[in-house]
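> got a sequence here, can you build the structure:
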Amino acid sequence: MRPFLLIGALTALYILWALTAYPTQIFVRGNSIVYLNPATNNTIVAVFYVIATYPFSTYDLRVHIDLEERSAGHSFHSTVCVIGGGIAGLILAMRLAKQGIRVHLLEAGGLAFEERSQALYRAQMSYDNHRGSNEGRARTFGGSSTRWGGQLLPFTPDIFSPPDGSSREGWPICAQDITPYYQEVEIILGVDSFPFSSDLLSTLRRNTLPASEDILVRFSKWAPFKKRNLAKTVGVEAMAHPGVTVFTHANAASLMAEPGNRNRIGSVRVRNYDRKDYLFTADHFVVCAGTVESSRLLLCSPDIPNAHDQIGRYFHDHVGFLAAQFLPPGRARAIQRLGPFYVDGTLHTCKFEASLRLRLREGLLATVGYILIDEPAESGASATRNLLRSIQRGEFKEGIGANLAPMLLGGPDVARLFLYSRFAGRRAVSKRATLRLTIDVEQAPDPQNRIRVSDCKEDALGMRTTILDWRINEPERSTAVRYSRILRKYLKYAEMDPSQWNETGLEDIAPAMSDTNHPMGGLRMGTDIRRSVVDRDLKVHCVDNLHVASCAVFPSGSSSNPTFTMMALTLRLADHLARQISDRH
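The predicted structure is shown next:
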């Protein structure tokens, strides 16, 4: 009986930890924003169903305006108008406000998820289905940070500045331009300061992996759940800052040039869900609406120059396929040597990237292999993960209702998660979990992969709907097949061969691949206005006061998740704008 009591106690502790993982939760009460802090909680209703009531505090709503409650025709002016209240918009607004710059932040959705707002994201597919465009975006305060996994891995320097002899296009900036900002993003997201390289293992005095000239071993960091949703961290700060006014239900419909000056944007026309229009004027405008919506807005703005038909082109993503499944005896060794582990509360996971030497020799695109762990859907581990994700999205009650019972029934799984993370510094992997080797590949630049808008179809707000012309092409499939073979040799040498390989990844058969919900491109960065949309400072070509902060500006994808680099670019842009504004005053 005692073991079961111990498991029950540990399960209760883990649930308590999960429910109090967030220092701040935002809720909407009528016309007010309220927040709660679990540390001030003084009510526990039951052993497992906790935190039923909270003492609430209310923010001064002079810094929040809901356009659903304003009559049409109002106009608003600021120094900088930021279009989009997601990851880029929030960190840009706060960076500028802290330097004394007046900012208006326009969020198309509400402070909580709304289906009517989300429906406006639906896009039509012309070729392959880009699943992330319809399922992976979030039109709400906090944007995709309400759903993302929080994985961080910087781009390698050769992505920005390819060596002589490389066929890939470089960026108009180098790694040194954004490296300091990577470090600031790590602080914002609350991760440790250990290296991303394989030096991490020796630093921690762990067993190192075999060295290889073809395989670059690095380690991603994962932001803790309590830091992933920026609406609950940076967003709370923005709501309380006198230099930022947040407008919700503020859908940017069109950017308009100053009268008599086509080289400057004078205003943005904004529409609420009743189709009432408002005018926002500013000295500077920054589009932070995400990859697809940023391109859509510029395409729906006739005053934005597009003489070379570049807006929306070179859309790309990472595409992946399941290359293998780990079976005994390699499975146990893979968990021991490659399994996720914690350092100072930060989760680290192993990545096997194709080295620059290998890519140059074999003509490969940037590609990476990593382990994907799938716990059974009915397990306590899956229920715990689902609960944390629900809390991340702000769906506290729904998460409790759907996952509390499975967590209790899966008490041993939950207890194992707690014990391993707290005392062993590792993520627990159950015997029932499936371990798969996944390979992701960047896409080769292709101007025919593009974002368009319909000539005849409009959404509920009267904006032209989105069409995606997107394909997975031969360079991506070829890279996946060839890298599968190379990575298999490495894993065999390291005595971690998965054993059960996807034969299409080993033979000359194109594997089934899909997007990984990392949309990039459409407003690519470059120096040649005939093949790009923004310059090295993210300013739209030929428009003096319009910038873009989004993965839309990425000329290429590398083999790393894009959000980390996008956040660093956004902080760099904020400092650039602050210098510009300061110099003019």
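> contacts only, for T281.
75-77, 81, 266-267 (CB atoms under 8 Å, 6 or more residues apart in numbering). From N, CA and C alone the C-beta is placed, and that goes for glycine too.
> top of those residues by neighbour count?
Neighbour tally across those (other CB atoms under 10 Å): the maximum, 28 neighbours, falls on C81.
> before we move on, which element is that residue in?
strand 75-83 (DSSP states H and E).
> CA atoms of that strand as CSV?
Output of strand 75-83 as CSV, limited to C-alpha atoms (Å, rounded to 0.1, in the frame of the first residue of the first chain):
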residue,chain,number,x,y,z
SER,A,75,-8.0,58.2,-35.4
PHE,A,76,-4.9,57.5,-33.3
HIS,A,77,-1.3,58.7,-33.5
SER,A,78,2.0,57.3,-32.1
THR,A,79,5.7,57.5,-32.8
VAL,A,80,5.8,53.8,-33.8
CYS,A,81,2.8,51.7,-34.9
VAL,A,82,3.5,48.0,-34.4
ILE,A,83,1.1,45.8,-36.4
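> from the contact counts, what lies against that strand?
helix 87-97, strand 103-106, strand 244-248, strand 277-287, helix 563-584 (3 or more CB pairs under 8 Å, 6 or more residues apart in numbering; DSSP states H and E).
> let me know the angle separating the fourth one from strand 244-248.
Going back to what we said before, that points to strand 277-287. 120 degrees (axes from the mean of the first three to the mean of the last three CA atoms, to 10 degrees).
> the last one now?
Here helix 563-584 points in a direction 130 degrees away from that of strand 244-248 (the same axes, to 10 degrees).
> any idea how far S220 lies from L106?
32 Å (CB to CB, to the nearest Å).
> these two: who's more crowded?
Between S220 and L106, counting by other CB under 10 Å, L106 is the more crowded of the two (27 against 23).
> quick check: bridge partners of that one?
Beta-bridge pairing for L106 (DSSP bridges): I83, F247.
> now do the same for it: its pLDDT.
Note on L106: pLDDT of 98.
> all further residue positions should be reported with the first residue as 17.
Taking 17 as the first residue, the last one we looked at is L122.
> my guess is it contacts V96. True?
No. Between L122 and V96 there is no contact under CB atoms under 8 Å: 11.2 Å.
> the helices in the stretch 17-166 of the chain, which residues?
Taking DSSP state H, counting those that start in this stretch, the helices of the stretch 17-166 of the chain run over residues 18-35, 103-113, 131-134, 147-151.
> and the contacts of the third one?
Meaning helix 131-134. Here helix 131-134 has contacts from 124-126, 154-156, 265, 289, 476, using CB under 8 Å, 6+ apart.
> now do 10 Å
Contacts with helix 131-134, where a contact means CB atoms under 10 Å, 6 or more residues apart in numbering, come from 123-126, 150, 153-156, 264-265, 267, 289, 476-477.
> just the ones of those in strands?
Mapping the contacts of helix 131-134 onto strands (DSSP state E) picks out 264, 267.
> filter the contacts of helix 131-134 to the buried ones?
Using 16 or more other CB atoms under 10 Å as the burial test, these include 123-126, 150, 153-156, 264-265, 267, 289, 477 as buried.
> using CSV, lay out those residues together with distance to L453.
CSV is the format used below for those (distance: CB to CB, whole Å):
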residue, distance to L453
E123, 39
A124, 39
G125, 37
G126, 40
N150, 27
R153, 28
A154, 29
R155, 34
T156, 34
T264, 43
H265, 44
N267, 42
Y289, 45
L477, 44
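> which two of those have the greatest separation?
N150 and T264 (22.8 Å; CB to CB).
> packing partners for whichever strand or helix holds I387?
Per DSSP H and E: I387 is located in strand 383-390. Contacts defined by 3 or more CB pairs under 10 Å, 6 or more residues apart in numbering; DSSP states H and E place strand 383-390 against strand 231-238, strand 334-342, helix 346-354, strand 362-370, strand 450-458, helix 490-509.
> between the buried ones among the contacts of helix 131-134, which is closest to F296?
Nearest member of the buried ones among the contacts of helix 131-134 to F296, counting by CB to CB, is N267, at 11.6 Å.
> partner residues bridging the closest one?
Applying DSSP bridges to N267 gives these bridge partners: R287.
> contacts only, for it.
83, 99, 122-125, 133, 136, 155, 285-289, 291, 293-294, 305, 309, 313, 475-479.
> if we go to 8 Å?
Going by CB under 8 Å, 6+ apart, the list of residues near N267 reads 124, 136, 286-289, 477, 479.
> got the domain boundaries for the protein?
17-71+396-439, 75-391+449-600 (automatic domain parsing).
> tally of neighbours for the nearest residue to D390 once chain neighbours are set aside?
Leaving aside its sequence neighbours, D390 sits nearest to T450 (CB to CB, 6 or more residues apart in numbering; 4.5 Å). By other CB under 10 Å, the residues close to T450 number 13.
> what do you get for A568?
33.
> okay, now I203: neighbour count?
9.
> circling back to that earlier point, can I get the helices and strands packed on strand 91-99 in JSON lines including distance to R347?
Converted to JSON lines, those look like this (distance: least, CB to CB, whole Å):
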{"stretch": "helix 103-113", "distance to R347": "36"}
{"stretch": "strand 119-122", "distance to R347": "48"}
{"stretch": "strand 260-264", "distance to R347": "48"}
{"stretch": "strand 293-303", "distance to R347": "46"}
{"stretch": "helix 579-600", "distance to R347": "30"}
